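**Q** 3D, please:
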Amino acid sequence: MNNYKPYAIGLDIGGTNITGAVIDKMGEILEKISIDTNPDTNPDEVLERIYKMMNELLDKSNVQIDDVAGIGVATAGIIDSKEKVIIFANNLGWRNVPVGRLIGDRFGLPVKLSNDANAAAIAEWIWGAGKGCQDMIYITVSTGIGSGIISNGRMVTGSGDSGGEFGHISINPYGPRCSCGNSGCIERYASGTAIAEWVRSELKTNPQRKTVFGYEKESLITSEKAWKAAEQGDELALKAFSEAGFYLGIGITNLINLFNPEVIILGGGVMKAHRFILPKINETINKRGIPALTKRAQLSISFLEQEAGVLGGAGLIFLDHQSLSNYPSYI
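**A** Modelled structure (predicted):
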């Protein structure tokens with residue numbers, strides 16, 4: 001990208017919200033807009049709303065389309081980054097949607113497509129806690145668990161753009177059944193969904209247990225409510241996050257042994273409760289890891305927060321146009 005194309009548009013397409021932003025090469029967000037996804041509507045209707053949002057972004061940011069190098073799209077699900085097709089996104093109900101071609105044709109700009117965890121890893125790599133690292137791993141702990149892995153300066157995507165499914169590493173072959181079809185996946189022990197399920201199960205087993213949840217219906221308990229309860233010192237909530245930290249620690253130890261990273265960055269909604277999770281993660285890594293490897297791996301909390309998706313989308317464009325020095329191309 002030359003100096004006449006200093007901006008990129010990042011899109012983060014989620015099951016609940018779609019966020020777009022105009023971003024410069026320094027990672028500064030000039031303008032950001034979020035809209036409801038309404039996944040029950042068909043893809044064409046959702047895309048029309050995305051087009052409208054993008055035009056509004058350009059108007060509000062006073063950026064001309066000729067100054068935009070491209071559009072980077074981050075989305076959950078199975079994708080084909082080369083063909084720029086969302087093959088299947090469960091949270092959207094989309095199958096074989098050629099978002100790259102459709103968005104590119106509408107705006108006459110290059111489009112890059114990535115899954116959301118890889119896009120967040122790119123954002124952390126360029127502007128966040130992984131800046132300057134050649135070996136780093138980003139882990140998102142939210143409703144589910146995913147990761148983006150950069151090894152020797154290259155994004156590890158695998159043969160079909162589906163590498164980095166950290167949440168579906170099995171740590172207990174006899175554990176609970178996972179939606180992926182396997183049993184005992186990390187996601188079943190340490191995701192926001194798993195934390196809420198664990199609390200609900202404990203309350204059901206011992207309904208007289210004294211907690212700050214009171215008489216709230218078990219079905220209404222979420223990981224966010226558990227976090228707020230932990231902030232009040234609730235023993236059950238504290239135990240839930242400690243359990244999650246233990247299982248995350250096991251998985252992260254495996255990643256350290258496999259990839260020998262410089263830094264592991266933890267993001268996602270559940271990591272708002274990092275002060276209740278990190279101690280157990282560190283304890284587990286120290287007990288189970290190879291000291292020569294674990295001492296080199298720094299654990300960090302993401303500070304990009306909700307902007308990681310759109311920043312990563314823009315980062316895909318900047319990397320592809322080699323406009324950022326010291327960063328090889330996204331693979």
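
**Q** residue ranges of the helices in the stretch 1-150 of the chain, please?
**A** With helices called from DSSP state H, counting those that start in this stretch, the stretch 1-150 of the chain shows them at 43-61, 99-107, 116-127.

**Q** same question but for the stretch 201-331 of the chain, I mixed them up
**A** In the stretch 201-331 of the chain, the helices defined using DSSP H, counting those that start in this stretch lie at 223-231, 235-259, 274-288, 291-294, 308-320.

**Q** residues touching the residue nearest the centre of the chain, list them.
**A** Nearest to the geometric centre of the chain sits residue 117, at 3.8 Å (CA atoms, centre = their mean). Taking CB atoms under 8 Å, 6 or more residues apart in numbering, we find residue 117 in contact with 138, 140, 146, 147, 148, 164. C-beta: built from backbone N, CA, C; applies to glycine.

**Q** let's see the pLDDT reported for it.
**A** At residue 117, the pLDDT value in this model is 91.

**Q** skipping adjacent residues, who's closest to it in space?
**A** For residue 117, ignoring the flanking residues on the chain, the nearest one in space by CB to CB, 6 or more residues apart in numbering is residue 146 at 3.6 Å.

**Q** quick revisit: which of the contacts of residue 117 fall in strands?
**A** 138, 140, 146, 147, 148 (DSSP state E).

**Q** report pLDDT for the residue sitting furthest away from the middle of the chain.
**A** Distance from the C-alpha centroid of the chain, by CA atoms, centre = their mean, peaks at residue 208 (37.1 Å). Model confidence at residue 208, expressed as pLDDT, equals 71.

**Q** need the contact list for the nearest residue to residue 152 once chain neighbours are set aside.
**A** Computed as CB to CB, 6+ apart, the closest residue to residue 152 that is not its neighbour in sequence is residue 134, at 5.9 Å. Residues near residue 134 by CB under 8 Å, 6+ apart: 150, 152, 153, 262.

**Q** how much space between the residue nearest to residue 86 when sequence neighbours are not counted and residue 84?
**A** Distances taken as CB to CB, 6+ apart place residue 97 nearest to residue 86, at 4.6 Å, with adjacent residues excluded. Distance, residue 97 to residue 84, using CB to CB, to the nearest Å: 10 Å.

**Q** follow-up on the earlier one: pretty sure the residue nearest to residue 86 sits against residue 44.
**A** No. Taking CB atoms under 8 Å as the definition, residue 97 is not a contact partner of residue 44, at 9.2 Å.

**Q** okay, now the unreliable bits of this structure?
**A** 1-4, 214-217, 219, 321-331 (pLDDT under 70).

**Q** picking up where we left off before, show me which of residue 97 and residue 44 is the more surrounded one.
**A** For residue 97 against residue 44, the residue with the higher neighbour count under other CB atoms under 10 Å is residue 97, and the figures read 24 against 9.

**Q** how far away is the more buried one from residue 75?
**A** 9 Å.

**Q** now do the shared contacts for these two.
**A** 86, 89.

**Q** near the spatially closest residue to residue 255 that is not a sequence neighbour, how many other residues are there?
**A** Closest residue in space to residue 255, ignoring its immediate chain neighbours: residue 137 at 5.7 Å, by CB to CB, 6+ apart. Using other CB under 10 Å, residue 137 has 28 other residues around it.
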